[in-house]
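Visitor: Give me a 3D structure for the following:
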Amino acid sequence: MSSVIAPLSRPVVSWSPPDPADRRRSPQTRRTALITALGVTAAAISAFFGNEAIFVIAFLFVISWPLERIWRRHPVPVRRLALRTDLAYAAASPALIFAGTVVAAVLAVVSLMWLPGLAFRPLVRSLPVWLELVVGVLLFDVLIYWTHRWSHTVPLLWRFHAVHHSTRHLDWVSGFRNHPLDGAFMAPVFAFFIGAGFDGRITGGLAAVQFVIGLWAHLNVRWRLRPLHRIVLTPDFHHWHHANQPEAHNTNFSTFLPLWDIVFGSYYMPADQRPQRYGVDDPVPLTIGRQLAYPFRGLRSAFRERRRARRATAG
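Guide: Prediction:
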C-alpha cells in the first residue's frame, strides 16, 4: 500500500517477505509487557462486569484456530512473526476500544455531521421499519467504504491505518492489530446516523457484524468461495486488500458489501492468482507500544515542511 501512499516525511523502506517457516518473535520489551499486562487486567475486569465481547473473542479463537490449522492457506507456524504483538492487541482491546471511543465521541461532536443527520431525521422517521433497516445498512456500508478508502489516500489517516496493514502474516488474531484512533476516524459516520435518528440497534448491530466479519476476513484459510466474491466480504477478497503487491494497492476497500468497490472502480479479484505478500513498506515498528506511538512521530515537522512547501509554491 505504502508504495502509493507513503507516510509524511518518512522514507519508504523496502523489505523482503519473511520465510513462511520464520519462527522469530517480536522483541520483548518492558513497554510491551506492561501494555499486555494492563490489557489482560482490563479484559478480566471488563468480563467480570459483564462485557460479553471478551467471551466472544474467546469463542472466535476456539472456532478460528482449528479452521486455520485444517484449511490453512499459507504454511505459517503457530509461533509466527509478531504473534506476541497481535496477542497484546487482543488482550488490550477493551482498553484500546475505550480510548478510541473517547476520542471518537469528541470527533463526532466537532465534525458537525450530526447537523445534516438532523436534516434527514424527518425522512428517516417516515420510513417503515424494514425500509429503514435496508437504507441504514446500505448507507452505513457506503460511508464506511469511503472512510476506509480515505484512510489509504489521505497521508495523515494512513499513518494510523498503516499499523493495521503492517502485519506480514494474516490470520484471525491479526485482525486485532488496529490503532485505536484509526477506528475513531469513523466517528462522523456514527454522528450522522445518530443525528438522522436511525434505530440505534442498526448502528450497533452493524458495528458488531463488522467486527466479526473483520476477524473472519483475515483468516488464513484457502477457501475461495467464488460465488460470494461479488456479494459479501470473503477472506480471499480482503487478503487482496492487504496484499503488498503493486497490482493490488488501493483495492477492495469494502468491509461488508463488495458492491461499492464494483461501483467505484476499486474491485480486484483475479481468477487465477492468490496474494502472496502482505504488509507495508513503511517503517512501522514491531512492538505494540511503538506502533501506538508511530503515527505521531515526526508529525509536527512533517506539517511544517508542508507549510513551507505550500508557501514556496504560492510565492
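
Visitor: Helices along the stretch 51-200 of the chain, start to end?
Guide: Using DSSP state H, counting those that start in this stretch, the helices of the stretch 51-200 of the chain run over residues 52-70, 83-110, 114-125, 129-153, 155-165, 180-184, 187-196, 200-217.

Visitor: got a markdown table for the ones you listed, with mean neighbour count, mean pLDDT and distance to residue 311 too?
Guide: The way it works is simple: take the backbone N, C-alpha and C, and place the C-beta from them, glycine included. As requested, the helices of the stretch 51-200 of the chain are exported to a markdown table (neighbours: other C-beta atoms under 10 Å; pLDDT from 0 to 100; distance: least, C-beta to C-beta, whole Å):
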| stretch | mean neighbour count | mean pLDDT | distance to residue 311 |
| --- | --- | --- | --- |
| helix 52-70 | 14 | 69 | 48 |
| helix 83-110 | 19 | 87 | 27 |
| helix 114-125 | 14 | 90 | 33 |
| helix 129-153 | 17 | 91 | 24 |
| helix 155-165 | 22 | 93 | 19 |
| helix 180-184 | 21 | 91 | 29 |
| helix 187-196 | 22 | 90 | 30 |
| helix 200-217 | 16 | 76 | 42 |
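
Visitor: and residue 278, which of the ones you listed is closest to it?
Guide: Shortest distance between residue 278 and the helices of the stretch 51-200 of the chain, using C-beta to C-beta, is found for helix 155-165: 8.0 Å.

Visitor: Give the other helices and strands that that closest one contacts.
Guide: helix 129-153, helix 180-184 (3 or more C-beta pairs under 8 Å, 6 or more residues apart in numbering; DSSP states H and E).

Visitor: export those to CSV and tack on distance to residue 118?
Guide: Below are those laid out as CSV (distance: least, C-beta to C-beta, whole Å):
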stretch, distance to residue 118
helix 129-153, 15
helix 180-184, 22
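
Visitor: for the ones you listed, which one sits closest to residue 274?
Guide: Here helix 129-153 is closest among the helices and strands packed on helix 155-165 (C-beta to C-beta), at 21.5 Å.

Visitor: ok, residues contacting the closest one?
Guide: Here helix 129-153 makes contact (C-beta atoms under 8 Å, 6 or more residues apart in numbering) with 1, 4-5, 124, 127, 157-158, 160-161, 182, 185-186, 188-189, 192-193, 198-199, 202-203, 206, 210, 250, 253-257, 260-261, 264, 266.

Visitor: Pull out the buried residues from stretch 219-234.
Guide: Buried residues in stretch 219-234, counted by 16 or more other C-beta atoms under 10 Å: 219-221, 229, 233-234.

Visitor: and residue 104, what does it touch?
Guide: The contact partners of residue 104, by C-beta under 8 Å, 6+ apart, come to 183-184, 186-187, 190.

Visitor: Apart from its neighbours in sequence, what residue is nearest residue 203?
Guide: Among residues not flanking residue 203 along the chain, residue 193 sits closest, at 4.9 Å (C-beta to C-beta, 6 or more residues apart in numbering).

Visitor: ditto for residue 76
Guide: residue 169 (5.0 Å).

Visitor: ok, that neighbour - how many residues close by?
Guide: Neighbours of residue 169 under the rule other C-beta atoms under 10 Å: 22.

Visitor: What of the one 4 residues further on?
Guide: Using other C-beta under 10 Å, residue 173 has 25 neighbouring residues.

Visitor: Spatially nearest residue to it (excluding sequence neighbours)?
Guide: Ranked by C-beta to C-beta, 6+ apart and with sequence neighbours excluded, the top spatial neighbour of residue 173 is residue 86, at 4.6 Å.

Visitor: For residue 61, which residues are in contact?
Guide: With C-beta under 8 Å, 6+ apart, residue 61 has these contacts: 172-173.

Visitor: measure it to residue 291 for me?
Guide: 22 Å (C-beta to C-beta, to the nearest Å).

Visitor: First-to-last residue distance for stretch 282-291?
Guide: End-to-end distance of stretch 282-291 (C-alpha to C-alpha, to the nearest Å): 12 Å.
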